[in-house]
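S.K.: Return atomic coordinates for the entry below.
(2 chains)
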Amino acid sequence: MAEGDLDGVKNRLADALRASRADFTEIRLERTWASTVAFRGSRLEGATAAREVGGMVRCLNHGKGWGIASFTGVDRLPAMVARAHELSLAVPLDAPLRLAEIPIRTADHASDLDGDVREVPLAAKRELLERLNQEMLASDRRIVDSRATYEDRVVERWLATSSGAMLSDLRPEVRLAAAAMAREEGFLERALESWAVRGGWRSAQDTDHLFRAAARRAIALLSAPKVKAGTYPVVLDPRCLAALLHQTLGHLSEADTLGDRAELDQLMRPGRRVASDLLTVGDDGSASSLPGSMPFDDEGAPTQNTLLVQHGVLVGRLHTRETAGRAGTRPTGNARAGSFRQAPSARLTNTYVASGQGSLEDLLRPIRHGLYCCDAMGGDVHQGRFTLTTGFGQLIRDGRLAETVRPMVLTGDVAETLQRLDAVAGDFRWNLQATSCGRPASGRIPVADGGPHVRVDGVVVGGDSA
Amino acid sequence: MIAPLLERAARRATLADAIEQSDETTLLEFAGGRPVRASASYSHGTALRVVAEGKVGNAGSAVEDPDDLVSRALASAQLGEVATITLPHPAPLPTVVTHMPRAASASLGDLTDLGHLVRDRLGGERVELGLSVERSVGMVRVANTAGLDAAYDVSLVSLTAEVSRMQEGRRLVVRAGLCGADLPALRDLELLVAMLRQRLGWAEREAEAKLGRQRVGFLPTALPPLLLSVEQALLGKAALHGGSPLARKRGTRAYSEQLTLVDDPLLDGRPGSRPLDDEGTASRRLPLVQAGEVAAFLYDLETAGRVGAMPTGHGRRTTFGKPQPACSNLVVEPGTATWDEVLGAVGDGLIIELLRPGTQTNVMGGTFALPAMLAWRVQGGAVTGLAPEVTVAGNVHDLLSRVVTVGADLTWVGSRAMPPLVLDGVSVF
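M.R.: Numbering: from 1, shown residues only, chains lettered A, B, ... in the order given. Down below sits the predicted model:
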């Protein structure tokens, strides 16, 4: 595909669709420009620019399953259409697959490139990151090492189906990550900060605060005490809350996860109360300029704001065309794939907890001895129980924030913990961390999350994560 | 395009090397014992590294455009670090099986039959069965401006089976898999089915785990998330930057003398087998930990150049990344303990079959707290039932200095071969 050869691509897609012998054919093509700069300490690890072109064909025939072929380059497209058709014929199904209808559209979308990163020399990207990294390293003699990464991507996508859809989209993305390592008297601590937007070079300019914050926190953790294991009233910051919701209700709202497991389907049946009535959760792929934002998903369905939990009660799920067809409902614009190498499945986009009332101070005030849990380094849910490792925290003493404490592990039964949520502040914000979500079958996708501060009356804290 | 690419690069750079990789993968996914989805993926890519004016640059592309790739690699080198890279010269390569024509030519029907074979042998078990069969066929070609130009073919077949059922309000999931250059042998498939049946039998009873520090046996399927800490600590790059807890410990005892770890790319037909690494260095067997002593670190060309070490042949490259040191096939040498002796060594404790990875906060440092997806209660040296909802925690580097017993049976999990290990002092909560 030559640069700017949009009409050429459309003709190629139309020709391939006409030649397909399958009952339904869907073609995705992608062209990606990406660059990465990385420092470790003051040493440049690498500065590279990459370009990639590839695609995926999915074919479906009556009474048969999906036949899928992915490929690099575009010259193989006609052969891949034939191959996907042949693969579909090889999987006879007892119950036919039904794809829910979506609006048939032809549209070309172009996000604001916000200073097109493709036009910025690699040297300028290195210069930016080197300055930020050096500032982090020089901020305190106790900062002994660092890792700093700049990444940008512009992805041009085309989606065409034998039903008549012909869509294109240009999506920019820029990410920065800072890790500061601090050492004093044999103690080594690490703090991470990251940031991502669907934007470009201009957005990346005002990011000094990330690198300062990582250094400051690594220093603070050097003298931070461990938390004694026990059950505490906790206030979760928007990042910690979002990580908990993403791992729990978020993933459990992805309809194809539920489709495979009858007990999960039952657990997440609409109308069931899963949390305190203060909790409302949604997923909004149509929100503006966030990492999970896009005009249409990887099947061509328009993105939307989907409520998942309203006042503590399950009200919605995230669907692809296939899961919506099975459930007799409409797709929600959540069919996503990490790249042309993966078939889409129902995935989160920008997941949020709706704002409540009051401030962080209001949430802290009644707590005599508790914990303020900030950020998250990782988490997991298994058999209804979660574990979540915070990035750091602070003690709450007599209704006020006190000293910084080391990262801790929160654990408990998901439903019981969310039922004990007793206050939601009115300070909603989107977290612009460079968060991504991975699944073996459909790849790693950029996502965002947001929420206000919340208070939970009684969470089991396992103490120091180390 | 590797030859014209290096020709062009040689005109503008002091030295250059490249890797060209192509792959065709067919995947069959089964549900309810029948295929429900069939997919194929075709990929081809080339990665180029140049050294120009003493500085190193990398670029990759899936597009056949040598001029563009050379320009991007040179642009990367302009910003790059000064590096001392000595390219390997052409030399006779060791012989190792990486490709089996029978696997490469297997039809979709042959792959479907493999899945049916497992399904039919599991007949009678009241479980939900998930299966996948994947076959990759590919080629790797490595060349450089020192005259090296070598290529080899690859085939890889993997079969994964997962049986599950609801039990006491929880879902019991048991997984097993086979992976190698050839189609799996009937005997291996039957052993896999026997193992699944045995686990389903063990799971018929539940037995509460004893909490606190105790002896825990880790089956090979549970070991990869723990061994990852050791693998990362053995990377020459990690030792160079001082982040590795094994840095400056070469030749000294770091672990129990029962522990010997070897990287071996010359084992026939395994996922990490290859006659040369992705930078052209001939493959060789490399003991990494010998009876608990740190024997060697893994180096790629660039890291070896930085520390003045000999490259060990562990450069790994993808199309879009720079070469990085990485293990090929990692083998934990087996001990002598029979299965009964392994259980006897655990005594009153746990056997962990599968861990949920992903919550380690400090992989190289070795600290972990991982929920078990599948764990067995052991009492009086026998498995007494399924131990639900346990999490194991500790520090890998510390626990590997407290190896109680090493089993005699080696099991391959991807590119790692491991026996069961019984470790003392594991926290269970």
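
S.K.: okay, stretch B:24-32 in CSV with CA atoms only?
M.R.: Output in CSV follows, covering the C-alpha atoms of stretch B:24-32 (Å, rounded to 0.1, in the frame of the first residue of the first chain):
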residue,chain,number,x,y,z
GLU,B,24,2.6,-20.2,8.7
THR,B,25,0.5,-21.2,11.7
THR,B,26,-2.7,-23.3,11.6
LEU,B,27,-4.9,-23.3,14.7
LEU,B,28,-7.9,-25.5,15.3
GLU,B,29,-10.0,-24.8,18.4
PHE,B,30,-12.4,-27.4,19.7
ALA,B,31,-15.4,-27.1,22.0
GLY,B,32,-17.5,-30.0,23.0
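
S.K.: Name the residues that touch that stretch?
M.R.: Residues outside stretch B:24-32 that contact it (C-beta atoms under 8 Å, 6 or more residues apart in numbering or on different chains): A:91, A:260, B:35-42, B:108, B:111-112, B:115, B:119, B:128-138. To be clear about C-beta, it is placed using only N, CA and C from the backbone, and glycine gets the same treatment.

S.K.: Restrict the residues you listed to the buried ones and give me that as a ChimeraX selection.
M.R.: Burial among these is assessed by 16 or more other C-beta atoms under 10 Å in any protein chain shown; the matching ChimeraX selection reads:
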select /A:91 /B:35,36,37,38,39,40,41,42,108,111,112,115,119,128,129,130,131,132,133,134,135,136,137,138
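
S.K.: Of all the helix elements in chain A, which one is longest?
M.R.: In chain A, taking DSSP state H as the definition, the longest helix is helix A:122-138.

S.K.: Need the contact partners of that one.
M.R.: Contacts for helix A:122-138 (C-beta under 8 Å, 6+ apart): A:35, A:37-39, A:41-42, A:44, A:47-49, A:117, A:143, A:146, A:148-150, A:152, A:176, A:178, A:180, A:204-205, A:207-208, A:210-212, A:214-215, B:75-76, B:78-79.

S.K.: And it, how far out from the chain middle?
M.R.: 26 Å (C-alpha atoms, centre = their mean, to the nearest Å).

S.K.: List the buried residues for it?
M.R.: So, applying 16+ other C-beta under 10 Å, buried residues of helix A:122-138: A:Leu122, A:Lys125, A:Arg126, A:Leu128, A:Leu129, A:Glu130, A:Leu132, A:Asn133, A:Met136, A:Leu137.

S.K.: quick one: contacts for A:Arg444?
M.R.: A:Gly338, A:Ser436, A:Cys437, A:Gly438.

S.K.: Just the closest of those to chain B, please.
M.R.: Within the contacts of A:Arg444, distances to chain B taken as C-beta to the nearest C-beta reach their minimum at A:Gly438, with 9.4 Å.

S.K.: Counting neighbours, what do you get for that closest one?
M.R.: Using other C-beta atoms under 10 Å in any protein chain shown, A:Gly438 has 10 neighbouring residues.

S.K.: can you give me the helices in the stretch 201-350 of chain A?
M.R.: A:208-222, A:238-245, A:251-252, A:255-259, A:262-267, A:321-327 (DSSP state H, counting those that start in this stretch).

S.K.: And chain B, by the same measure?
M.R.: Counting by DSSP H, chain B has helices at residues B:2-12, B:66-79, B:101-104, B:108-121, B:186-202, B:224-233, B:236-240, B:301-307, B:339-346, B:396-399.

S.K.: Of all those, which one is nearest A:Pro452?
M.R.: A:Pro452 sits nearest to helix B:224-233 of all those, at 34.7 Å, using C-beta to C-beta.

S.K.: Now the closest one - C-alpha only, PDB.
M.R.: Only the C-alpha atoms of helix B:224-233 are listed here, as PDB (Å, rounded to 0.1, in the frame of the first residue of the first chain):
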ATOM      1  CA  PRO B 224       7.700 -21.500  34.900                       C
ATOM      2  CA  PRO B 225       6.500 -18.300  36.800                       C
ATOM      3  CA  LEU B 226       9.100 -19.100  39.400                       C
ATOM      4  CA  LEU B 227      11.900 -19.900  37.100                       C
ATOM      5  CA  LEU B 228      11.300 -16.700  35.300                       C
ATOM      6  CA  SER B 229      13.000 -14.900  38.100                       C
ATOM      7  CA  VAL B 230      16.100 -17.000  37.800                       C
ATOM      8  CA  GLU B 231      16.100 -16.700  34.000                       C
ATOM      9  CA  GLN B 232      16.000 -12.900  34.200                       C
ATOM     10  CA  ALA B 233      18.700 -12.800  36.900                       C
END
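
S.K.: Filter the contacts of A:Arg444 down to just the ones in strands.
M.R.: Mapping the contacts of A:Arg444 onto strands (DSSP state E) picks out A:Ser436, A:Cys437, A:Gly438.

S.K.: Any figure for the gap between the last one and A:Pro446?
M.R.: Per C-beta to C-beta, to the nearest Å, A:Gly438 is found 11 Å from A:Pro446.

S.K.: can you give me the strands in the stretch 1-150 of chain B?
M.R.: B:15-31, B:34-52, B:55-61, B:128-144, B:149-167 (DSSP state E, counting those that start in this stretch).

S.K.: would TSV of those with distance to B:Gly385 be doable?
M.R.: Below are the strands of the stretch 1-150 of chain B laid out as TSV (distance: least, C-beta to C-beta, whole Å):
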stretch	distance to B:Gly385
strand B:15-31	29
strand B:34-52	33
strand B:55-61	51
strand B:128-144	21
strand B:149-167	11
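
S.K.: between those, which has the poorest average model confidence?
M.R.: Comparing mean pLDDT across the strands of the stretch 1-150 of chain B, the weakest is strand B:55-61, with a mean of 91.

S.K.: Could you check how far B:Ala47 is from chain A?
M.R.: Between B:Ala47 and chain A the distance is 10 Å, computed by C-beta to the nearest C-beta, to the nearest Å.

S.K.: B:Gln324 now?
M.R.: Going from B:Gln324 to chain A by C-beta to the nearest C-beta gives 10 Å.

S.K.: Show me how chain B divides into domains.
M.R.: Per automatic domain parsing, the structural domains of chain B span B:2-201, B:205-429.

S.K.: on that earlier part again, export the longest helix of chain A as CSV, just CAs?
M.R.: Provided in CSV are the C-alpha atoms of helix A:122-138 (Å, rounded to 0.1, in the frame of the first residue of the first chain):
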residue,chain,number,x,y,z
LEU,A,122,13.4,10.3,15.9
ALA,A,123,16.2,12.6,17.2
ALA,A,124,13.6,15.0,18.6
LYS,A,125,11.8,12.1,20.4
ARG,A,126,15.1,11.0,21.9
GLU,A,127,15.9,14.6,23.0
LEU,A,128,12.5,14.9,24.8
LEU,A,129,12.9,11.6,26.6
GLU,A,130,16.5,12.2,27.5
ARG,A,131,15.6,15.5,29.1
LEU,A,132,12.8,14.0,31.1
ASN,A,133,14.9,11.1,32.2
GLN,A,134,17.9,13.2,33.1
GLU,A,135,15.6,15.4,35.3
MET,A,136,14.3,12.3,37.0
LEU,A,137,17.9,11.0,37.6
ALA,A,138,19.2,14.3,38.8
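
S.K.: That helix: what's the following helix or strand?
M.R.: Downstream of helix A:122-138, the next assigned helix or strand under DSSP states H and E is strand A:143-161.

S.K.: just checking, what packs against that following strand?
M.R.: Packing contacts for strand A:143-161, counted by 3 or more C-beta pairs under 8 Å, 6 or more residues apart in numbering or on different chains; DSSP states H and E, involve helix A:6-19, strand A:24-40, helix A:122-138, strand A:166-184, helix A:208-222.
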